[in-house]
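Engineer: model the following, please.
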Amino acid sequence: MQRTRIKELLQSTAYGSTVCVKGWVRTRRGSKSVNFIALNDGSTIHNVQVVADTDKFDAELLKLVTTGACLSVEGTLVESQGSGQNVEVQATHIEVLGTCGADYPMQKKGQSFEYMRQHAHMRLRTNTFGAVFRIRHNMAMAIHQYFHEHGFYYFHTPIITASDCEGAGQMFQVTTQNLYNLEKTDDGKINYANDFFGKATSLTVSGQLEGELGATALGAIYTFGPTFRAENSNTPRHLAEFWMIEPEMAFYDIHDNMDLAEEFIKYCVRWALEHCADDLVFLNKMVDKTLLERLHSVVENDFVRLTYTEGIEILEAAVKQGHKFEFPVHWGIDLASEHERYLVEEHFKKPVILTGYPKEIKAFYMKMNEDGKTVRAMDVLFPQIGEIIGGSEREADYDKLLARIQELDIPMKDMWWYLDTRRWGSCPHSGFGLGFERLILFVTGMQNIRDVIPFPRTPKNAEF
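Structural biologist: Below you'll find the model as predicted:
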């Protein structure tokens, strides 16, 4: 008999029909005469209740119906007698597809998120993580839908690269060489001549530079793929492997860029509210009781726009009034998360877009402002998160970009192709990057970035 997903079954009114459901047992309770089995198949946060009259089933079979066991159930769809659901299944046949012993790590009790990270391969079956990863799927769909509707082309940039976009140097090397017997040159450096690519290569930290090539040919592109940072950061906000969305647009200035960022992220949050309502209600109840309020606030309010300098002045005024920050505040600092969150959560009480950052703390490709001190960068700051989007108007002038590359001593062997976009048919263009996991953190209310990606990669952790 054909299986019906529980999500569809719970919306059905075909009372009296025979149905087949399959899934995993959340709980089983009951008496000598009847058992109530909560079954979930991952299609929805909600379980379907299976009612099994004990006189119709072998007692040994029912003993196998434990938390975590996988069942196939056939029965009659009936109107539910209890509260909280419209329908239930009066079982006529139960098959145990997979038993589950008492050592199953996700028993029905309140486990900590840290405990569940140790069992990341099994945490997916819990209500919380089912909700998180259904929302993650929906956010991916929203991203593709938004850009498709707005004339952007999905552009695939390389995972393996010979250039370091940010000049940070924190990259994972890619090699086919024998690490136990590395061939060296006469001056003691590693000889890459016989390596697979004939040069030093790494996993990408960003698809932006290649994305700019796409934008200067197709007009507007976006990347959406994995990126890698070999940064030894054990924090709730950092991963070594994460996903990035990076749109690049020809003929956009910094103001167009800010408009796009605000419209895009509001679209994604609105999509979550419309398409993930049940999961959000659950997370609002179980994880963060201010989640829905915060999501609605982002959609309903215009983002505040102010310069970095104005932001610093606000923070300095807060310090004078007695506010304590862990990190000192002065013009020229790279704002810490606590500074960003103060502006968003306490001062303005709405998202903020900061522009005009000091050139010293931003990347080489950002367009300089007329003051010679600041660049046309923009960071979108969100409650609970801090920076969620970072972007800029890109420097379109060949000589200025070359001078900046030389000033920062970035190897020209990595940059010749990028400079060619400014040599032939240069145009004004802008773009930004959104860390996908940071978006999921915001939309789900989860507190640790390791809990919004199925299998987190962090220092000393590459399990599963």
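
Engineer: in this protein, where is pLDDT below threshold?
Structural biologist: Where the chain drops to pLDDT under 70, the residues are 164-169.

Engineer: where along it do the helices fall?
Structural biologist: 6-9, 59-63, 113-118, 120-123, 127-149, 208-218, 254-275, 277-286, 291-300, 308-320, 337-341, 398-407, 416-423, 436-444 (DSSP state H).

Engineer: run the chain-centre distance for the last one.
Structural biologist: Put plainly, it is helix 436-444. 5 Å (C-alpha atoms, centre = their mean, to the nearest Å).

Engineer: coming back round to it: so which of the helices of the chain is the most packed in?
Structural biologist: helix 436-444 (a mean of 24; mean count of other C-beta atoms under 10 Å). Every residue, glycine included, has its C-beta placed from N, CA and C.

Engineer: what's that helix packed up against?
Structural biologist: If contacts are counted by 3 or more C-beta pairs under 8 Å, 6 or more residues apart in numbering; DSSP states H and E, helix 436-444 sits against helix 127-149, strand 241-250, helix 254-275, helix 291-300, strand 386-393.

Engineer: dump the helices of the chain to CSV, plus distance to W331.
Structural biologist: Output for the helices of the chain, formatted as CSV (distance: least, C-beta to C-beta, whole Å):
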stretch, distance to W331
helix 6-9, 53
helix 59-63, 70
helix 113-118, 38
helix 120-123, 43
helix 127-149, 35
helix 208-218, 27
helix 254-275, 20
helix 277-286, 39
helix 291-300, 29
helix 308-320, 5
helix 337-341, 12
helix 398-407, 21
helix 416-423, 30
helix 436-444, 26
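
Engineer: so which of those is nearest I190?
Structural biologist: Between I190 and the helices of the chain, the tightest spacing by C-beta to C-beta is seen for helix 416-423, at 22.3 Å.

Engineer: which residues touch that closest one?
Structural biologist: Helix 416-423 has contacts (C-beta atoms under 8 Å, 6 or more residues apart in numbering) with 163, 209, 212-213, 216, 395-398, 401-402, 405.

Engineer: need the max-distance pair from these.
Structural biologist: S163 and D397 (20.3 Å).

Engineer: of these two, who's got more company?
Structural biologist: Higher neighbour count among S163 and D397: S163, with 21 against 13, using other C-beta atoms under 10 Å.

Engineer: tell me which residues touch that one, please.
Structural biologist: Here S163 is in contact with 209, 414-415, 418 (C-beta under 8 Å, 6+ apart).

Engineer: equivalent analysis for S392, please.
Structural biologist: Contacts of S392 (C-beta under 8 Å, 6+ apart): 254, 257, 362-363, 365-367, 375-378, 430-432.

Engineer: closest one to Y308 out of those residues, please.
Structural biologist: Nearest member of these to Y308, counting by C-beta to C-beta, is A377, at 8.0 Å.

Engineer: ok, the residue of the chain positioned farthest from its centre - contacts?
Structural biologist: Residue distances from the centre of the chain (C-alpha atoms, centre = their mean) peak at D55, which lies 49.0 Å from the mean C-alpha position. Residues near D55 by C-beta under 8 Å, 6+ apart: S33.

Engineer: Throw the contacts of S163 into JSON lines and include distance to A230, thanks.
Structural biologist: Output for the contacts of S163, formatted as JSON lines (distance: C-beta to C-beta, whole Å):
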{"residue": "L209", "distance to A230": "19"}
{"residue": "D414", "distance to A230": "17"}
{"residue": "M415", "distance to A230": "21"}
{"residue": "Y418", "distance to A230": "22"}
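
Engineer: looking at those, which is nearest F436?
Structural biologist: Out of the contacts of S163, the member with the shortest distance to F436 (by C-beta to C-beta) is L209, at 19.3 Å.
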